Structures are given as structure tokens and as C-alpha cells.
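Asker: Got a predicted structure plus its sequence, pasted below:
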There are 6 protein chains.
Amino acid sequence: MSAEVLVDDRLKRAQDKARVLQEALPWMTRWAGQTLVVKYGGNALTPTETGPGEDPSFARDIALLHSIGVRVVVVHGGGPQISQLADRLGLETTFVEGRRVTDAPTLQAVQMALLGQVNPMLVRMISDAGAPAVGVAGTDSGQVMAIQHDPRMGLVGRVDRVDPTLLHQMLDSGRIPVMATLCTTADGQTVNVNADEVAGAVAQALGADKLIYLTNVAGLYENFGTPASTLLSEVGVGRLRQMIADDELVTGMIPKIASIVAALDGGVPQAHLLDGRIEHAILLEIFTDAGVGTMILPSPDAPR
Amino acid sequence: MSAEVLVDDRLKRAQDKARVLQEALPWMTRWAGQTLVVKYGGNALTPTETGPGEDPSFARDIALLHSIGVRVVVVHGGGPQISQLADRLGLETTFVEGRRVTDAPTLQAVQMALLGQVNPMLVRMISDAGAPAVGVAGTDSGQVMAIQHDPRMGLVGRVDRVDPTLLHQMLDSGRIPVMATLCTTADGQTVNVNADEVAGAVAQALGADKLIYLTNVAGLYENFGTPASTLLSEVGVGRLRQMIADDELVTGMIPKIASIVAALDGGVPQAHLLDGRIEHAILLEIFTDAGVGTMILPSPDAPR
Amino acid sequence: MSAEVLVDDRLKRAQDKARVLQEALPWMTRWAGQTLVVKYGGNALTPTETGPGEDPSFARDIALLHSIGVRVVVVHGGGPQISQLADRLGLETTFVEGRRVTDAPTLQAVQMALLGQVNPMLVRMISDAGAPAVGVAGTDSGQVMAIQHDPRMGLVGRVDRVDPTLLHQMLDSGRIPVMATLCTTADGQTVNVNADEVAGAVAQALGADKLIYLTNVAGLYENFGTPASTLLSEVGVGRLRQMIADDELVTGMIPKIASIVAALDGGVPQAHLLDGRIEHAILLEIFTDAGVGTMILPSPDAPR
Amino acid sequence: MSAEVLVDDRLKRAQDKARVLQEALPWMTRWAGQTLVVKYGGNALTPTETGPGEDPSFARDIALLHSIGVRVVVVHGGGPQISQLADRLGLETTFVEGRRVTDAPTLQAVQMALLGQVNPMLVRMISDAGAPAVGVAGTDSGQVMAIQHDPRMGLVGRVDRVDPTLLHQMLDSGRIPVMATLCTTADGQTVNVNADEVAGAVAQALGADKLIYLTNVAGLYENFGTPASTLLSEVGVGRLRQMIADDELVTGMIPKIASIVAALDGGVPQAHLLDGRIEHAILLEIFTDAGVGTMILPSPDAPR
Amino acid sequence: MSAEVLVDDRLKRAQDKARVLQEALPWMTRWAGQTLVVKYGGNALTPTETGPGEDPSFARDIALLHSIGVRVVVVHGGGPQISQLADRLGLETTFVEGRRVTDAPTLQAVQMALLGQVNPMLVRMISDAGAPAVGVAGTDSGQVMAIQHDPRMGLVGRVDRVDPTLLHQMLDSGRIPVMATLCTTADGQTVNVNADEVAGAVAQALGADKLIYLTNVAGLYENFGTPASTLLSEVGVGRLRQMIADDELVTGMIPKIASIVAALDGGVPQAHLLDGRIEHAILLEIFTDAGVGTMILPSPDAPR
Amino acid sequence: MSAEVLVDDRLKRAQDKARVLQEALPWMTRWAGQTLVVKYGGNALTPTETGPGEDPSFARDIALLHSIGVRVVVVHGGGPQISQLADRLGLETTFVEGRRVTDAPTLQAVQMALLGQVNPMLVRMISDAGAPAVGVAGTDSGQVMAIQHDPRMGLVGRVDRVDPTLLHQMLDSGRIPVMATLCTTADGQTVNVNADEVAGAVAQALGADKLIYLTNVAGLYENFGTPASTLLSEVGVGRLRQMIADDELVTGMIPKIASIVAALDGGVPQAHLLDGRIEHAILLEIFTDAGVGTMILPSPDAPR
């Protein structure tokens, strides 16, 4: 290619951008058509006066993945939003084993916070970023069936089985389902289910290629008790199983880690714990080798 | 068919039931594959302590129509639920021209009442009746786009256009979409839109065969001002157009009647105002000639 | 639901009907999309001067099942019609082991009676009831292949194999195939096959969910020889196998019972012997718990 | 291509055959995927003791066309077979304007002759020739609707409209529909319709590329009254219209010619009157330029 | 069929042709929808001044097979054309073990001869015969992946694996793929692969029903060394395996025979070595019992 | 989003890249599913000893567009490669009105250069970049039919009509067709057609959303004759029409400009002349607002 061509600065900067796009090409090619389940935590959304705060960088990352052909499902909870609304409505909140004790008025508050605040906010943000998001609940068409968890906790359930038909239809027609984790029991009762658990079960039912948990920690540490402990960039599922058995995990981590173990046992080839506070954390994980957070693989742990 | 057969009473009663099913057959045959949009008003749901009251007879009617192959879309509002929640949250409500003035905190309350209370309640009731209901919002995939109505009313919109693709996909796969009437403006703002208006616009966009408004009145009267006025069992759209022009309608009726006029002008072949307080009102209209409520047809009015 | 609503008698009766429809709903939901093979016997049709008599109640039941989404195949014989026509044409009829000895002129009479009388009459009656019936024969596209049964019986066959493709295509496009049991041998000879046997083989090939024989007896009795014997309302296939082995059955019952045994062994989950003389016998069986006739299940017999 | 190759006589004969196949190639290519409606007259079938005589050469021609991808529909009558059966059954036959006066017993005889004799015979013969034939009637799924012709003629109809959906489905799945011309009126009455008329209407409804009438005359003559008149090898539809207007046609020809005029007016691009007594008449017409019978084209007549 | 019909000579000859078509019918029926892979050797094309000579009889045979519904894939080499072009370009050619040593300039010549001469010539000839041919290369969409054969031979490969998706798509849409045997290695290098080997691998990947090699010999002889040896008309694959083991084959035959062995081991039910110098050799093999060339079957050899 | 998170340099650089991807998002969203026809000129490929030189940056740009869902068709010529090969083969080249005079030996050279050199090189380069390219010719399935241009030019054609079926099938199954511009006349003659003209006709037949010509000039100048003339960044098709009428264009530009005029008249909404010597010129045009080359729009020219 001969060259006596005048190229000005603006062109040079544009070409730099083109080169970045080119670097991303192999990852784009690899991820097109793959299925990704992202658990988005309510913690990432600072409540404001008129509802949950926004996180447009997350929404744009999801839209970018969608635009290169990744099939993305977002599963979300909304703990802080539920608590805030319960407060406003004068409801008292108790927790048993890390799960909110849920009577009928509390379930109404859960529905209003998840279906009436967080879910539409995520749908709107992703739509604003240019991608066709659709709000769904585990109760739609009975797609996530649950069994009541423990009478002491009230209207709280555990996933029984997931019918992925509706999600597949939406993904096949190019949409991004955003799921609130209200679910149904066999006798028609609506129950609240931990979003980490639903995300894992949905990933397994969809045959997802990757399961990502956006959290507000940097990842998984060698030794949770020890602050100066090393962050694990990659770990086998066996090590996680051991952490649960040895009771090494802080309470909030238990459903997350247990769901990852179940999902990987159920055939999901990899899971990630990413720090949602880092901008573009998902893009960094998918498109670069920057190495944020902890990747969990089904392969057996090497001895420590 | 000869006869010396012992038929006991139980059998006789069963055969009576079979005969009723048989009488319904011509209507079943006629309605299979047809599309029906039902506007369900929040008034029908007496609020209880833990949320809106239930209306299982409505849900079972919808499920019955679904089971004989009718493609049903339910569109709902939730005025009483919004007002009750706004009260609990200490928000003040003002109305301008029959539409709720909606600032940001009120919009949050609208979302919580519609998406977090009424919509999941309807989905659950229809699911309990055995049919696969799916909650949707006008904001999903931007399927109902709105324009802001009037700056004085705040976040309130009018329907701009409806993309029926998502609804068609759900109907094609045998589901019952239940739509809350939050919609999106071109610049991404969520707005509340009158459910009567959305129902009419959705019916038109879907090419629906019938549009039913379940109300808490007996139907349309010859002369609204006169209590002893005759209930109209059938009326042409021209008469409605005249009622609007002559300002004959009570405020709450205006969006309903205007939407019916628009829907019939847009090709929907018939609309019905039914009294939702009569049990099985929809079934009576579809399957019998009992004649409940008022049917509106596109044909020109006969002279009065 | 508040109440100051004037409800007249006509409305009350209409609501009673709506309630019956509602009671049928769970069965409708359960049977939609299921496949049902009904063997209809020629005995039910009293011959008249101009052909077989009519049975519109049967046809309307079939149309009702069709309208709620059941995939129905009707298989019919026509013994009385064949005999009557053979008489008119001056042909002599002999039977060997309950099967008509069939020479070439008799086969012509069989074809004329089944394809020219019974089949078009059933197609017309079901069409009159509003459902799209299509007459087919086992010989169409060679869908039911037979082998010659016994040289002594002439052009009489046994089912060799069934290709369900054409039936599936018709069911998929919403039609009701009505099958006459003329079949083809590998060397192209048309033969007459017992309709009970064809019904069972078709049910198995289609993977039907239920196989119903409409007969002119009340069902299966504990002990056929004893008139006062108890009617069995439910029986395991093992008991039937034993009846055949112990030679307990009357001649006309043998092909019916043998076909049921074969169909249940081949995966059909249930069969029914219903008394076709009871009006709406099929509807009673599908939609009520009135308990007409005998249900045969694959489960092992309970000890008597 | 060099040559010292020993080629024996057997090879030479085989190569002659290969050359014939090659000559047919352009016609094969041209006709693949085209739709052909063939009216087959009952006259071609000499009655025998046990039913209509056979015509395997016709059946094999149809199978050949099918095997090269032509979509073939056969429409047949059966006048001689009806008359013979009516005789055997002791029914008297009267004709009004060339149409059989048909009371209820005669309609039974028509059904038995067409559906029970001619139709299954044609299905079997074509199946024997290796192609998947399926017997259908105009009454199946109400695909040919008729109106009663003339009260004096009784149960005789004229075609009202044809729904080609079922025929298209069968052709799409590679089958050959063989149609008997019993049809249905709007109020559910079965009537007999002239097969020439049905063939033309079916060709028009299917958008057929060619319509062939197999007759027992050599074709259309310049002047029917004059025996030594010239056989027309090609004629415009205008000339036929004139023949009808001038009453130049013998009675039996009228429905044929009128149907051809209607079909060509309805968009069928060509029709043929072929002499069914010539072996392989259809193949000769499709694959060679031997010129048998009379071709009718929509183009205006040249002046005589 | 009565007869006083004047049939002239032209008609008689036409009927003779119709009879030949009829004789071919059973084979047409049998081969419709079957898949056939034909290896066409460059030897059949005598080079001329402006490119390879033509072979329209081959092309017309392929078009005939296509027109009766056979799915045909043509795989070709072009040894003589490559050699001639290499000469014109002044490139020297060396062979190692029967394969052309291929450096970069030679690969360019191979591409130009195969893709620029032989392939477009075959596509044009088949198109002229009326069938939609499409030129493809093993390199298209990486459909034939190869591994480098032997460093001494340079850019020469062996088939690693075949992805038949693109070929199936073309066959499904009624086209005839004509494949040049340039292939790709895992690291993106284009290599030349023996066309016999590609034909066998393609037949196996497609699940072809027959694999034909058009050669310039009469077939396979009992004993290659002995000129007066008997031509084998049918042979089991075991005998071929033995011929390879015993080194009985001439060099040029080795890849052909080895590919046949591999294809039959891989499930192709029959292969043929046909003498391409006999006109219509393929038609003779498919449509007659003239018995040209040698058929190889998977069945074990009978003892010699 | 709170922040005390250690972010190292590597992470910062990664986030910069993520931001570039984000900036491209709106364009990705806009271009997904759109169809783009790119004319690639042989001038961009510096000939080397063993064939045309490579241009991997172009190939990677095409692969990137493919990976975000753009439907890309590449159309190429190869003038320099044809000339070089003609020289090597000792053929003399003459031009008439900017088109190569093409006798039979020259056509062979054209085929060898385009189909044997440039086309496989482009297919290989795009495949190397990770996208499934497929080489096609206008002659495949007769998809580009031509008429002979001018007897003085020999085997040179003009586009007559384009059948886009094969291209659509390839695009639908996610492939990138790379087309060489050999075409077919109605009587089966292969002819060479100007690649600019084919690109425009293909874009029109496909209903493409954009047509790009990669050239070796900077774009279109206000006044071609004047070197210091201003480069037009956007121009209406009317201005181009005028340039042709006023004979303002250099010879090589005429077919390009005439094809653009025809394509825009035929419904293609925009065309671009881009400088292929600028790296990533296509990406810059699609994904940035850097403004390279000249965009041609159908809108009428503003007065100069």
C-alpha cells in the first residue's frame, strides 16, 4: 500500500479507535451467539429520593454485548431498595440465615421494590443504551418454580425448576430479558427467592456459556478472614465446595458461592465474580485480558 | 340410537353439563384464533391490607377463552391502588382533566402500584386458573411509545405508536400478555398513560377482533344526564362521536369513549362496554346471547 | 365485588351456563394439544333407505374436542353397512373367525360401504358441526400397510405398519382425519382390515394420549359369561391379557381387546371402552367424572 | 474423448435410451415445480365384473410427472360407473341438460361409485406406479363449496368457490391428490358436481400452469357438425367462447369447454383436450412435440 | 382401451420415447432425494488453445439427474490443465509419490488452472444444460480443512475434516455445487489436495448414497498386472483393502482406491468406478442395467 | 458508585479500550442487520512474484463488520492482475473506451486472474481474520446475467439483471460472499463485466443500505480538472449526473460514477467513495465521524 497521503490528527485519532475495535474482534467473534447470565446486585444502585440511582455504564456494557450478538440475560435482586421501601411503609424487617423474613405485607413491599423500582429502572437504562430490554419475573408463565424455603422465613422460596422456553424465545428474537426474582410455588403462592440462586439456576437451565456475578467486593480471596489475603484470579469449583464445607465464607457470600457450585456442576463452563464498582467491569472481562475479579472453573483444584 | 340403558342421576347431571358445552361450541369455533383485548380496571379490585383484592372469576374467564384458542391480551390500570399507595407514602395527588398530575416521586408510586401490585396480582390469578400469563409493560422493548401529554400534568403521556411484535410473539407461543401502561417517550422518559387509551391503541395495532372494557357501570345510556335513561345494548360509533362533540359524557368516560372511537376508526370491528361487577361478564358476552352491556359497532347510527 | 345490580332470570341462566364452562376449564387445559384416537363402530349408525343413519351428537362431541385444541383422529368400520349393501347387490357373505370372507366383488362392496357411505357421512356430520373433517383411507399414500391375514378369508389383512406422517400433517394444520380401514399390502393389493385393530395401531404410531372405542355395550364386565356381573370401571392391561388367554371374551370383543393390549404395550397410556348409546359419552369421559364405560391402564392389575 | 473401447450391443441399446432421457431433459427442467391439473374421465375405465377396469398406462404417466417434480392433481368423474351401479341397485336415472337428476338414493349411488370405486382404483393404480397418491373429495374440509344447480336436477351443484389450502399442503409434501367431485353447499348438503367444471375451478384456485382434459375424442374440430372437419391443434379461447354462443357444441362438450373458458379467463395459461385412448397421451403432450389433441390458449383468435 | 384411432409414424416414434421414459421411472423414483458425489477427472477434458475442452454429454447427464431430484455434488481436479499452465508459465513440475510438488508459484498455477479454468468451465457447461451450478472451493467458509501432507511435497494437503453445511444449504436450495479441491490448513495456508480423496471425504460428510469416480479406464481388473485380466463388475471393499496391502495397484489408482475404502468404511453404501469415455456413463449406471465399470460394495468379499 | 479501589495502569488502559468500544456502540446498533456492498479494486493489491499482494487490514475490517451483524458482500475486479498475467502468457491487451478488448484467450486470462488469483486471495484473507468468506462468481447459478457490450470489445458485457437469491441465502446463513465479476449472457457465453458496475447492480438487487467503492483516490473533487480543487465530503446524485453529462470525469471514474447514479436511482440510500490507501478506511466511515472520502446521497443538490 503506497502512501503519500495527508493524514491529519483527527484521522490519526480515529484510526487509533479503529485499531482498538480491531483488537476486540477475536473476542467479538468468539462471543457472538454465546449466552451470558449476569447477576446484578441492588447494592450497585444508590437509592435516591425518587427511586434507585442509575448505573448507565453497566447498561451500556450490556447493550454493547447485545449488539455483537451475545445473548444476555440480566437477573437482579434489590435488597437495599426493599429495605428502604419497607422503612417508608413502616414495615419491620427481620432476617433469618441471611434471608429476609417475609410476611404478606413485606411480600407486597418486595414486589413493589423489585417489579416497581429496580426492574423498570434497569429496563429503561438498557433501552436508553439502545438495546431492546424486556422486564420479566420468575412468575411469568411459571418459568421459575420454587418451593417454600423454611416456614420461619415466610414467603421465601428456593428454586425448584426453571423452564427456559420464554427466555429462549426472547433471546431468539433479539431481546434482553431482565428478570426480577419473584417466583411461584406449585400451589400458586408468590415467593421471594435469592437472586444469586435464581441467576445460577437460570444459567444452568439456559445452558449458558458464562455466569457473571457483579458484586461490591474485589473478588474471592485466598482466605476471607485475612484482609491482606491474596485475591484469587482463578479458582476451581472444588476449592469453593471446600470453603462452604469449612464454613470459610461470610454470610452474604454463601448463596452466591453455593449457586456457582450448583451451576458449574450443572454444566455451566465458567462463572465470574466481578467488582461492579469498576467501570466497564464486564467489558474488561469479556474483551480484554485485564483480569478483574475471580474466575471459577469446573476443573479440579490444584493442591495449594 | 336404541335405549334400554340404565342412566342414573349422576349421569343425567353430567349430560346436562355436556349439553351446555355443546351449546357453546359454535361460539368456540367462531372465536378460536381471534384476538381479544380486554381492558381491566383497577376499580374491580377492592384494596386489602396486603395489596389489591382478588377477582378469580375474571381470571378464570380469561383462562377459559385462552383454552379454546382465543388470543387474549389484558391491559390494566390501577387508579385506586395508585391513590392508596400515594397516601401511604405521604404523596399528594392532584388531577388535571381527569389525569393524575405526576411528578417523579408520584411516577415511582405509579410504577410500584401498577408493576408491583396490580400486574403481578393479575398474572398470578390467571396462572392459578391454569393459563400462562406473562406480565409486560408498555416500556418493554419500547413497544408502546408515548409523547408527553401536557406539561401541567408532568410525567403523563399519550400513545404515539404501538409496535405489536412482542405481543404477537407471546400470543403465537400461547401466552397471555398482561400489560401495565407505563410507556416510554422518544427521549427515554417513562410516563404513565391512561389504560383505556392504551387498550384501544393495542387493539388497533394487533388488528384485534374485539375490544372489551370492563367497567363498573352497566353500560352506555341513551342520555347520561338522565338516570332513568335507557341502557343502549348496541350503538354505532357515530353516536359516540356525537356524544364527545356534544360534551354529553362524564369525565371518567371520555378517554374510554375516545379510545373506542379511535380503535373502530382504526379497523377494530367491535368494542364492548361490560359491567365487570356481573360475574362471568366476558363469558356471557362471548358465549351466550344474554346481552350484557353495550356493543359499539362501526356501522353508521340508525336515526334515533 | 359490590352488588346493586339488577340481574334478571335470563342473566341467571346464562351465568349458570358460564359456570358449567368454568368447571370444564381444567379438563380443557389438560387436553389441549393432546392426541385422541376414537374408534367409531358402524353399529351406531342405524341404516336408512338412503344410506347410514346419522349421529349428530357424536359429531358435535368430536367438533367440541377439536375446538379446544384436542388432536382427534376418527377410525371407523361399517359392518352393518357392508352387510346391507352386499345384500342389495345379491352377494353372499360368509364369516371365518369373526372376519368377513372377502372375494373381489365383496371387496368392491366393502369399499362402497366404507368409502362411499360411512366415511362421507361422518365427514359431513363433523363438518356440519363446524370442524374441518377430511376423509382418508389406510390406502392413501400407503399410510397403513397390511399383510394378508389368512387365505381362507380372502382380501382381509392385518396391520403391518403405520406411517403417521400424513395424519400428523393433517392434525398440525388443524384438521380431523376420518379414516376408513381399507389398507394396502406390499404387493399393492387392497385389503379390508378390522377397524378396532387399525385404531389401536394408529394410536400407537401417532403416540396418542388416549384411545377410545365407542361400542354398543356398557363396558367390560368382571365376568363376561355372567349377565349380572359387575361392570369394571377401571382395569389393568394384565387382566385383559388374561381374558384373552383364558378365552373369556365373546368373539366380537377379541380384536378390540387384543388391539388395546397391543396399543398399551406400544406406549399408549390409556384406553377406554365407552357405551356409544349414551349421548355425549366421549364428553362425559373427557370433561366430567361421571365415569362411563371401562378405562384400561397399563399398570399391573391389583389382585382381585 | 478418445475411443478404443469395446462397446457391445447391449451398451448401444442402453445408450439409445440414455439419449431419449436426454431429449426429455429440457421439458423436465421446464416442468419441475409446475402445477398440472388432469381431468380423468370415467369413460376411460371399462367396467368389469368387480368394479372399474384399470388404466395402468395413465397411472404410470402421472407417476413419471410426479417423479420429475411436477405437482399433479387428478380430478375424476365416473359417469359410466354411476350408471352401472344405479342399474345394479335398481335405481332409475334421468338426465336434465346433460346432468344426472339426483335424488337421495341416487346420491348414495354416486358416492359409492366415485368414492368407493373410481377414486380408490385411481389411488391404487398410481400408488402401484410408485407415487404417493391420496384420495380426496371436494367435501373434505369443505374445500370445494357448491351451490345447488337447479331444483329440477336435485342434489346437483355448481362450483361456488375452491379453497386450495389442503391441496397445496398435499402437493407441498410431495403427494398426488386424486379428487372425487362430491361437494358441499353452504347449508351442509352434499351434491354431485360435474368433474370438468371442478377440474377447471381447481386449476384456477391452485394457479395451475396447465389444465388437461383426457377425453375419448381426438380433440376439437373446426366444425363439430362436419365429420370430415379439420382437427384444431391450437385454438384461442375466443373461438371457444364463440362456439358456446353459436351453440356449435355437442351436449357433453359444453361443461368441458365452458370450464376451459372460465379457467383461462381466471389466469390458467393453457388447457389441453387430449385423446385418452392414445397410450401415454399426457407424456406425449408434455415431453415431445408429437402434437396430440387440441391446445387452448388465452391469446385472441387469429381470423379464420 | 378401444382402438380405431389413426396413429401416424411420428406418433409411434413419440410413443417409443414415452416408453423409454416409463422404463426409467422406477429408477427415477428410487433416486429422487438421494445424494450423489461425482468425481470428475481433468483427463476427460482435452486441452484446447483457449482452455480446457468441453464435455457437454457429462454436463447434460448431471443436469438430468438434478431435474429428477437427485442431489448432485461434482468434485473435480485438473492435473493436465495444471501441467499445461505450468508449462506456459515456465514453471518446472516434479512429482513425489504421485503428488505434485507444490511451491508458492506452483500453487498460484494450481489455483489458476482449477479455479480459473476447469471450475468455471464445468459450471458453465452444466448451466448450459439447464441446471443451476455453483462453483465452490474447499477453502470457502473453511469447508474442507486439510493438514499438510509431507514437507517434501510443499503446499499439498490431506483432508482433515469436512463441514458439509454449505453444501447442504446449496443442495437444499436446488443447486449443484461444483468443487475445486483447494483446501485450507488450520493456520490458514491454502493447499492443493488430491481430488479423489476430497470426493470420498465429501461423500462421507454428506452421508451420500453413492460415490462415482469417472476415470479413463474401463474399471477395476481382477489382476492389474495382466492385460487380459477380467474386468470386475462388482467387488467388495475387502478385496480393495487387500489390493492396497499387496501393492497391486498402479500409482494413479492408489488415492482413488484408498478414498473408496475410507468412504465405504465411513458409511457410504456404494461406490463406482466408471469409464468416463463412454457417453452417458453415469446415466447408464443410474438408469439401466447395462453394467458399465466396477461397483464397490461394503459387503465382505466372496472367496475368489 | 463509591471508589477506594486500587486501579493499576493496566486496568486504566483496559478501561480506555472499553470506552472506545462504548463510543462505537451506537453505530454498531445502527448497522446490525444492514446490508453493505463493498467494491474492492485490484489496484489495492500490489502484485508479488507469487500472486497478488495482501491487504490484511481491509480483511479485518470486513470481519469486524461481519461480527457485529452487518451483512457484507465484497465485489472485486482485478485489472492489474489481469494485465500482469496476460503479459506472462504473452497475450496482447487493447482497451476500447476504458474496457479491455477480450478475445477467448484473454477471457481465459481474466478468469485465471480473477477466479484463480484475486478471489481466493480475498477469501483467504477474510477467513484468516475469522469470518466465513465464500468465493462466488456472477456466473454461479446465473446470478448476474449480462448482455454483450459492444462487438469491438469482444467478450465484455454489461449487467442485464441480478438474481440476489444465492447472495441472500449466504448472508442469511452468516457468510460473506466475495464476488468475481465474470457473468453469463442469455446464450451461455461467459463475459467479463466492469466490477464497479456489478457492485452497483448487486447493491440495488439486494436492497443494500450502503454501497462503498474503495479506490486509490481521496474522493471526488469539486472540479476534477483542477488539482487544487476542493474534496467534496458530501454530494447529491444530481451533481454526479451533471458531471457525466458535462464530461467532467476522467475515464476510469465513469463506470464508478454511472453505477452510483444507477444504484441511488434504484433505491440504494447512500454510496461512498473511500480512499482505500487509508488504513481502516471502512471502519472510519462506519464507526467514526472522521469523514474520509465522499458520500453521495440521493437528495437533490443544493445550488453551488
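Answerer: Cool, the structure landed. Numbering: from 1, shown residues only, chains lettered A, B, ... in the order given.
Asker: which SS class is the nearest residue to residue A:194 once chain neighbours are set aside?
Answerer: Leaving aside its sequence neighbours, residue A:194 sits nearest to residue A:255 (CB to CB, 6 or more residues apart in numbering or on different chains; 4.7 Å). C-betas here are computed from N, CA, C, even on glycine. Classification of residue A:255 by DSSP: H, G, I helix; E, B strand; the rest coil places it in helix.
Asker: My guess is residue A:255 contacts residue A:196. True?
Answerer: Yes. Residue A:255 is within contact range of residue A:196, at 4.4 Å (criterion: CB atoms under 8 Å).
Asker: if you skip the residues just before and after it, what's nearest to residue A:54?
Answerer: Residue A:54 sits nearest to residue A:125 (CB to CB, 6+ apart), 6.1 Å away.
Asker: for the one you found, phi and psi?
Answerer: Dihedral pair for residue A:125: phi -60, psi -40, per degrees, to the nearest 10.
Asker: before we move on, what about the one 3 residues further on?
Answerer: Backbone geometry at residue A:128, expressed as degrees, to the nearest 10, gives phi -60, psi -30.
Asker: Also residue A:69?
Answerer: The phi/psi pair for residue A:69 (degrees, to the nearest 10) reads phi 100, psi 10.
Asker: Counting neighbours, what do you get for it?
Answerer: 18 (other CB atoms under 10 Å in any protein chain shown).
Asker: Not counting sequence-adjacent ones, nearest residue to it?
Answerer: Ranked by CB to CB, 6+ apart and with sequence neighbours excluded, the top spatial neighbour of residue A:69 is residue A:32, at 3.6 Å.
Asker: Which residues are in contact with that neighbour?
Answerer: A:68-70, F:67 (CB atoms under 8 Å, 6 or more residues apart in numbering or on different chains).
Asker: For it, give its distance to residue F:64.
Answerer: Look at residue A:32 and residue F:64: by CB to CB, to the nearest Å, they are 12 Å apart.
Asker: Which stretches in the stretch 151-300 of chain A count as helices?
Answerer: For the stretch 151-300 of chain A, helices defined by DSSP state H, counting those that start in this stretch occupy the ranges A:165-172, A:195-206, A:237-245, A:253-265, A:281-287.
Asker: For the ones you listed, give me a markdown table that also has mean neighbour count and mean pLDDT.
Answerer: Converted to a markdown table, the helices of the stretch 151-300 of chain A look like this (neighbours: other CB atoms under 10 Å in any protein chain shown; pLDDT from 0 to 100):
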| stretch | mean neighbour count | mean pLDDT |
| --- | --- | --- |
| helix A:165-172 | 18 | 97 |
| helix A:195-206 | 27 | 97 |
| helix A:237-245 | 17 | 90 |
| helix A:253-265 | 21 | 92 |
| helix A:281-287 | 25 | 87 |
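Asker: so which of the ones you listed gets nearest residue D:211?
Answerer: helix A:165-172 (43.6 Å; CB to CB).
Asker: near chain F at all, that closest one?
Answerer: No. Contact of helix A:165-172 with chain F (CB under 8 Å from any CB of the partner chain) is absent, the minimum separation being 14.7 Å.
Asker: quick one: secondary structure of residue A:123?
Answerer: In three-state terms, and counting by three-state DSSP, residue A:123 is helix.
Asker: isn't it right up against residue A:132?
Answerer: No. Using CB under 8 Å, residue A:123 is not in contact with residue A:132, being 9.7 Å away.
Asker: Quick check, the residue in the stretch 51-200 of chain A closest to chain D?
Answerer: Residue nearest to chain D within the stretch 51-200 of chain A (CB to the nearest CB): residue A:172, separated by 25.1 Å.
Asker: Give me the distance between that residue and residue C:220.
Answerer: 49 Å.
Asker: Ok, residue A:298 next?
Answerer: In this view, residue A:298 and residue C:220 are 56 Å apart by CB to CB.
Asker: swap in residue A:27?
Answerer: Where residue C:220 is concerned, residue A:27 sits at a distance of 68 Å (CB to CB).
Asker: So these two - more neighbours on which side?
Answerer: residue C:220 (26 against 17).
Asker: picking that back up, among the contacts of residue A:32, which one lies nearest to residue A:137?
Answerer: Nearest member of the contacts of residue A:32 to residue A:137, counting by CB to CB, is residue A:70, at 22.8 Å.
Asker: Of residue A:123 and residue A:132, which one has the most company?
Answerer: Applying other CB under 10 Å to residue A:123 and residue A:132 shows that residue A:123 carries more neighbours, namely 28 against 21.
Asker: got a list of what that one touches?
Answerer: A:133-135, A:178, B:137, B:139-140.
Asker: Could you check how far it is from residue E:170?
Answerer: The value you get for residue A:123 to residue E:170, if CB to CB is used, is 42 Å.
Asker: same thing with residue A:136?
Answerer: In this view, residue A:136 and residue E:170 are 40 Å apart by CB to CB.
Asker: Next: residue A:142.
Answerer: Distance, residue A:142 to residue E:170, using CB to CB: 43 Å.
Asker: wait, residue A:75 sits on residue A:200?
Answerer: No. Assessed by CB under 8 Å, residue A:75 is found out of contact with residue A:200, at 9.0 Å.
Asker: Residue A:153 against residue A:101, yeah?
Answerer: Yes. Contact criterion CB under 8 Å: residue A:153 and residue A:101 qualify, at 5.3 Å.
Asker: Just list whatever residues bridge to residue A:274.
Answerer: Note on residue A:274: beta-bridge partners by DSSP bridges are residue A:214.
Asker: For the stretch 151-300 of chain A, what lies in contact range of chain F?
Answerer: If contact is defined as CB under 8 Å from any CB, the residues of the stretch 151-300 of chain A in contact with chain F are A:218, A:275, A:277-280, A:283-284, A:287-288, A:290, A:292.
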